[in-house]
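Asks: The following comprises the amino acid sequence and a computationally predicted model.
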2 protein chains.
Amino acid sequence: MHIDLDRHSGITLTEQIRSSIADRIQSGLLQEGEKLPSVRNLSRLLNVSLMTVFHAYEMLEHEKLVLRIQGKGTFVQEKSLRFNEWKTQNQLGKPTLDWQNSVADYLPRAQYWRMMQTPLVDVAKLSMAALHTSLIPTEWLSKQFYQYSQVDNTALTEYGPVQGDSKLREAVLPYFRSKNIVTSPNEILILNGSQQGIDLVASTFVGPGDCVVLEEPVYPCTIDVFRKRGATIYTVPIDEEGMQVDHLAKLCDSRPPKLIYTNPTFQNPTGTVMSMRRRVQLLELAQSYNSIILEDDATSDIYFGTEPPPSIKSMDTRGHVIYLKGISKFISPGCRIGFLIADGTFITRLVGSKGISDLGTPLITQKAILPFFSSNQLNKHLPVLREKLKERRNLVLQILNHTAPKNVHWTKPDGGLNIWLTLPPAFHAEDLHANTLKEGISFLPGHVCFAAQQQFHHLRICFSYLDIHLLEQAVTTFCRLLHDFLHTNRHTQQFMHM
Amino acid sequence: MHIDLDRHSGITLTEQIRSSIADRIQSGLLQEGEKLPSVRNLSRLLNVSLMTVFHAYEMLEHEKLVLRIQGKGTFVQEKSLRFNEWKTQNQLGKPTLDWQNSVADYLPRAQYWRMMQTPLVDVAKLSMAALHTSLIPTEWLSKQFYQYSQVDNTALTEYGPVQGDSKLREAVLPYFRSKNIVTSPNEILILNGSQQGIDLVASTFVGPGDCVVLEEPVYPCTIDVFRKRGATIYTVPIDEEGMQVDHLAKLCDSRPPKLIYTNPTFQNPTGTVMSMRRRVQLLELAQSYNSIILEDDATSDIYFGTEPPPSIKSMDTRGHVIYLKGISKFISPGCRIGFLIADGTFITRLVGSKGISDLGTPLITQKAILPFFSSNQLNKHLPVLREKLKERRNLVLQILNHTAPKNVHWTKPDGGLNIWLTLPPAFHAEDLHANTLKEGISFLPGHVCFAAQQQFHHLRICFSYLDIHLLEQAVTTFCRLLHDFLHTNRHTQQFMHM
């Protein structure tokens, strides 16, 4: 087992070992019943004291992730696999594959998609941060696929340009100009979904030991990406004005970050909007310390009141901001299209990386999206979408206000798709999730959104994905289960965390 | 400028510095007129002697990649940018972006796609290893897009499974079984083109200093991928039986490779087929040294005589082979679909990486391809494709036999899309390319297919991409230009390389 330890990170070695192993277990990369290295072997391998490893294993046992059996060793607990049943099917009856376990990988954590993609049959997915079918212009898009496939076959017969279809890069300029982002087709890279943008930026500019700053809590797959690069991750908490930039400034003094990731507008998972003041401060900090800002903007088009502040990219005159715009959250996730905007040598290098990564996004999906931007369709679509999502947000907030327990708190987002709930500190959202799953309701337990010291008493629910009647039912049931959970577990939790 | 030096690789430090800088220049990552660090600064930065850097710069000047100006420094030559004009457009008039040059990246080389994607207007691309429109079942595919977009909208409204559409993973089983590869949907990962598979395997299993073996010559983008990972690359030459496995065996004794990349059937660029004997030996070597074999199979379906030997994967009982099957070369490059087959923890880890990389391949392109495998369409398509490509290969070989100079040699491939030509050693294919481009013909200069000591007197032409009449004309003209080139440059070349 390969674990990168950073002896200058300010995080204890015990905690680093604990979280590395926890990540691997929660990602299904260490399997049910698998034996961990002995304390002695791991301490020798990592060149740390016996007690350091011993304490890490003790903490993992306390979290019920591993089981220590006297005289036999330490094993991964069965419970940890509740999201990974599919995997064991692959492994059965092939002992000849055991040698594979000795092949070290560069994948310390791959939690997010596994959590989201567990086959949940007949489950109302409050966990899913996506649009309901009725909110997606499917008929329009279908017609485009149809028309395009009749008129022009080049999308099927050619490798498209690595940087993306030039017509689409041209067609999105007015959209970005309406967001005060003045750019050119040469500075746009079309992605296979905006997630790919995070991965490309990381694999191009971030390597082992490079310092990366994430908001806390954060979109979980971001943690997966930067951990895969071996980055040293620092986190900056957010409050109602977004990332606490004064906190970041202190961090910069001691360790200037190579890259700062932010999702400033209707942040996933909290729904928070970074204030204008902080946006300016953040950009100034990046300029002072020669840092890259990776601005992930998935939902700034989905606002329910006044328009949110302009993107940081729109204020960027010196090429510090690499801007990501996914369309999954406001047009269609199925097309897997995202846009990256950067300038100077950044865009050159990122296009190079894209070529290495997959030779380019499929032309057919780009062509299907093209008329959405080149016609007036987007301008027709957005106001309707905002109205419908606002109605859903209001509905959910209303149910929460009326029926959620008084000691639970939640954000009241002015846009986006998500609400972030906070239980009293002693309660564990994963335990609640086990209960709600039994009644057919899923949500996102919040601990996966923390890169360093995980907090277990948060969760994210999404108001955009379910049919609206099902949404109403699901949130109502959720509130009932929340009451039961807090009541039943009051004493146990207090005891356990004493 | 960040250069990874490996002091145990057996390659001189001078050569490592030379090739790193050459790669960056040929990739357009170091720009026209850009000043290189002084000999003194670079020697200090890399902790090597002044003479080591001096000799590297001297070699780069000899290759006409840099220009040394007495008292001023060393600069990137203008010539090197002939394929990168597009880039300079991005850079003009933005001096405020200069700070970006101080941001180190992990992208030492990104040569392939830049070379292939240069906008060549009115050029007959013998360089392009793809199918002509007439060879692609476009009408069939168009109809699928149309039907699918009418019948079912889920492909537009949902994030598909990270591992790929389960129906497609099921539907390809008979195809793989016909190739003696017995697998299951759990062991298949659907990619956004098979290039993504190379990148995923590298980013999951290969890191700085890990030993990777490539065939020589090799598909150039493979070099880009493994260089990006900081791997130590060793090369094994191929002969008419494919990779020289006895050479590999010696290498394994001194430095067991973590991964061996091979393209055993109608290899790109040479068209060579690895013999059955060597396939078995290669698998045995991988088993002895706990190595991964990455078997890239793009064209085994395109054979002109007897069927080629079975894939190495089909003989693999212990999970050593990760098998890649792209469909770009025999169905359609536009769909950007590839399949990866692996078992045990390898597939688990690779699916994890795919999730981190892009959350999954678009469902719509998978759905469009599905009926090709689930119906009898593939079995109807392949025999016709083979027949047509054989005709094209015969045509090109005939022209070469009749009109190419006697001191030029070429492979006679029994399948695939490419022919590999070898000029007398003193001649430089890039110089020839400059001539043919003037007459509207492109090919792939062979030096990009060499990971270490580049050879400059090879080139690849492809017989599948052009309209057949244009193909005939282009190859005929190419032969004439080849005569002129060898004749005109005979004395110069002999002088230069004395």
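Replies: The structure has been received and is ready for your questions. What you see is a predicted model, and the numbers here were worked out from it, not measured in a lab.

Asks: SS state for A:I181?
Replies: coil (DSSP: H, G, I helix; E, B strand; the rest coil).

Asks: How many residues are close by A:V182?
Replies: 11 (other CB atoms under 10 Å in any protein chain shown). For every residue, glycine as well, the C-beta is placed using N, CA and C.

Asks: Enumerate every residue touching it.
Replies: A:F176 (CB atoms under 8 Å, 6 or more residues apart in numbering or on different chains).

Asks: any idea of the pLDDT on it?
Replies: Looking at A:V182, its pLDDT is 94.

Asks: Check the secondary structure at A:T361 for me.
Replies: With three-state DSSP as the criterion, A:T361 reads coil.

Asks: so it touches A:L189, yeah?
Replies: No: at 9.1 Å, A:T361 does not count as touching A:L189 under the criterion of CB atoms under 8 Å.

Asks: Between the two, which is the more surrounded one?
Replies: Higher neighbour count among A:T361 and A:L189: A:T361, with 31 against 26, using other CB under 10 Å.

Asks: got the phi/psi numbers for A:D239?
Replies: Backbone geometry at A:D239, expressed as degrees, to the nearest 10, gives phi -130, psi -160.

Asks: how about the residue nearest to it when sequence neighbours are not counted, what does it touch?
Replies: Nearest residue to A:D239 in three dimensions, chain neighbours excluded: A:T272, at 7.7 Å (CB to CB, 6 or more residues apart in numbering or on different chains). Neighbouring residues of A:T272 by CB under 8 Å, 6+ apart: A:I238, A:D239, A:E240, A:E241, A:G242, A:F266, A:T411, A:P413.

Asks: one more time with 7 Å, if that's ok
Replies: A:I238, A:E240, A:G242, A:T411 (CB atoms under 7 Å, 6 or more residues apart in numbering or on different chains).

Asks: Name only those of those that count as buried.
Replies: Neighbour-count burial (16 or more other CB atoms under 10 Å in any protein chain shown) is assigned, among these, to A:I238, A:G242, A:T411.

Asks: re the thing from before, among the contacts of A:T272, name the ones in helices.
Replies: Judged by DSSP state H, the contacts of A:T272 include no members of helices.

Asks: Could I get these in a markdown table, plus columns for distance to chain B and pLDDT?
Replies: Shown next, in a markdown table, are the contacts of A:T272 (distance: CB to the nearest CB, whole Å; pLDDT from 0 to 100):
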| residue | distance to chain B | pLDDT |
| --- | --- | --- |
| A:I238 | 23 | 95 |
| A:E240 | 30 | 94 |
| A:G242 | 25 | 96 |
| A:T411 | 24 | 96 |
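
Asks: And the longest helix along chain A, what's buried?
Replies: Longest helix of chain A, by residue count under DSSP H: helix A:377-403. Across helix A:377-403, burial judged by 16+ other CB under 10 Å covers A:377-378, A:381, A:385-386, A:388-390, A:392-393, A:396-397, A:399-400.

Asks: Please apply the same query to stretch A:443-459.
Replies: Buried residues in stretch A:443-459 (16+ other CB under 10 Å): A:443-452, A:454, A:456-459.

Asks: what two of the residues you listed are the furthest from one another?
Replies: A:F443 and A:A452 (22.5 Å; CB to CB).

Asks: A:S184: neighbouring residues, count only.
Replies: 14.

Asks: what do you get for the one 10 residues further on?
Replies: As a burial measure, A:S194 scores 24 neighbours (other CB under 10 Å).

Asks: now that we're looking at it, which residues does it contact?
Replies: Applying CB under 7 Å, 6+ apart, we find A:S194 in contact with A:D296, A:A298, A:L324, A:K325, A:G326, A:G338.

Asks: next one: A:Q196
Replies: With the criterion set at CB under 7 Å, 6+ apart, A:Q196 makes contact with A:G338, B:S357, B:D358.

Asks: Just want the phi and psi numbers for the residue nearest to A:D239.
Replies: Note on A:T272: backbone dihedrals following degrees, to the nearest 10 are phi -70, psi 150.

Asks: Surely A:F463 and A:Q398 touch.
Replies: No: assessed by CB atoms under 7 Å, A:F463 is found out of contact with A:Q398, at 11.2 Å.

Asks: just for the stretch 151-300 of chain A, where's the confidence low?
Replies: In the predicted model of the stretch 151-300 of chain A, no residue satisfies pLDDT under 70.

Asks: now check the helix or strand harbouring A:Q147, is it near chain B?
Replies: According to DSSP states H and E, A:Q147 maps onto helix A:138-151. Yes: Helix A:138-151 reaches chain B (CB under 7 Å from any CB of the partner chain) through A:T138, A:L141, A:S142, A:F145, A:Y146, A:S149, A:Q150.

Asks: next structured bit after that helix?
Replies: Downstream of helix A:138-151 (by DSSP H and E), the next one is helix A:154-157.

Asks: The residue nearest to A:D239 and A:P264: what is the separation?
Replies: Here A:T272 is placed at a distance of 9 Å from A:P264 (CB to CB, to the nearest Å).

Asks: Show me the common contact partners of those two, please.
Replies: Common neighbours of A:T272 and A:P264 (CB under 7 Å, 6+ apart) are A:G242.

Asks: how does chain A divide up, domain by domain?
Replies: Under the assignment automatic domain parsing, the domains of chain A span A:13-109, A:117-136+A:380-496, A:138-376.

Asks: Straight-line length of the first one, end to end?
Replies: Read it as domain A:13-109. The first residue of domain A:13-109 is 18 Å away from its last residue (CA to CA, to the nearest Å).

Asks: now swap in the last one and tell me
Replies: Using CA to CA, the end-to-end distance of domain A:138-376 comes out at 16 Å.

Asks: right, is the helix or strand containing A:I17 up against chain B?
Replies: Assigned by DSSP H and E, A:I17 belongs to helix A:13-26. No: Helix A:13-26 lies out of reach of chain B by CB under 7 Å from any CB, never closer than 10.2 Å.

Asks: Mind giving me the packing neighbours of that helix?
Replies: helix A:50-62 (3 or more CB pairs under 7 Å, 6 or more residues apart in numbering or on different chains; DSSP states H and E).

Asks: The same query, at a cut-off of 10 Å, please.
Replies: helix A:39-46, helix A:50-62, strand A:66-69, strand A:73-76, helix A:220-228 (3 or more CB pairs under 10 Å, 6 or more residues apart in numbering or on different chains; DSSP states H and E).

Asks: thinking again about what came up before, among the contacts of A:T272, which one lies nearest to A:P174?
Replies: Set against A:P174, the nearest of those by CB to CB is A:G242 (27.8 Å).

Asks: ok, now which ones touch the closest residue to the closest one other than its chain neighbours?
Replies: Among residues not flanking A:G242 along the chain, A:M274 sits closest, at 2.8 Å (CB to CB, 6+ apart). Contact partners of A:M274, counting by CB atoms under 10 Å, 6 or more residues apart in numbering or on different chains, are A:215, A:238, A:241-243, A:245, A:262-267, A:281-282, A:295, A:308-309, A:312.
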